[in-house]
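Chemist: Got a sequence here, can you model it:
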Amino acid sequence: MKTSTLAILASVLSTIAAAPTRLAPRQDGIPSTQEVANAINKWHSDVSTVNSFLDNIGDFSSSKIIQQAQATLDAVNDEPKQLAVLEALTDTNLGTAGQAAADRLKTTDNFGGIKSALENIILVEHTSPGVDLEDPLASINQIRCCGVLNDIDLVWSAAAFSSGIGDQVPTAAPKPKPCETFSCA
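Modeler: Got it, this is the predicted structure:
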């Protein structure tokens with residue numbers, strides 16, 4: 001009796017261990033259509049989190065700024081992970097413009113610049129609450145409004161349409177209010 005129970009248990013455990021993870025990449029390493037959709041939708045959520053922070057920072061207390069800036073930083077740190085999923089489609093699927101946009105997004109001036117500005121906001125609010133945050137906010141808006149969001153549009157659109165889901169996922173990043181009036185000259 002003990003032997004058969006152990007054999008069944010061992011069989012079940014080996015089956016569970018061998019089962020693919022929910023979002024495991026295909027054998028060829030190219031993400032599935034569902035993985036592409038999930039990456040775009042998660043990245044859209046990340047962009048919306050950043051936008052919300054930029055749109056509402058003037059309404060936050062110092063402690064709320066720190067809390068919201070940290071949540072925004074978490075979203076910014078997640079964006080390269082979603083980009084990596086979409087980049088796995090290869091430059092053939094992203095096309096020349098989509099791959100060039102992906103390459104630009106990975107530079108330290110883009111995701112890294114936004115991350116640095118958010119870290120600066122958190123540091124300033126911890127050490128000198130109420131200090132003018134105009135410079136780090138202007139830096140974030142410059143980077144996002146004048147480059148990053150346009151590059152995200154190119155990557156999402158290329159990934160979505162090459163995967164056949166262009167009508168099922170966002171193909172353009174939402175823009176925060178500051179981009180409506182921000183000068184990129």
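
Chemist: Distance-wise, check Ser157 relative to Ser32.
Modeler: Using C-beta to C-beta, to the nearest Å, Ser157 is found at 19 Å from Ser32. Backbone N, C-alpha and C define where each C-beta goes, glycine included.

Chemist: more crowded one of the two?
Modeler: Using other C-beta atoms under 10 Å as the criterion, Ser157 and Ser32 rank with Ser157 on top: 21 against 13.

Chemist: any idea how far the more buried one is from Val148?
Modeler: 15 Å.

Chemist: average pLDDT across stretch 117-133?
Modeler: Here stretch 117-133 scores 91 as its mean pLDDT.

Chemist: mind listing what's buried in it?
Modeler: By 16 or more other C-beta atoms under 10 Å, the buried positions in stretch 117-133 come out as Ala117, Leu118, Asn120, Ile121, Ile122, Val124, Glu125, Leu133.

Chemist: what about the nearest residue to Gly29 once chain neighbours are set aside, neighbour count?
Modeler: Distance criterion C-beta to C-beta, 6 or more residues apart in numbering; nearest residue to Gly29, sequence neighbours excluded, is Ala88 at 6.1 Å. Neighbourhood size, Ala88 [other C-beta under 10 Å]: 19.

Chemist: what helices or strands is the longest helix seen in the chain leaning on?
Modeler: For the chain, the helix with the greatest residue count under DSSP state H is helix 62-87. Helix 62-87 sits against helix 33-56, helix 90-105, helix 113-127, helix 149-162, with contacts defined as 3 or more C-beta pairs under 8 Å, 6 or more residues apart in numbering; DSSP states H and E.
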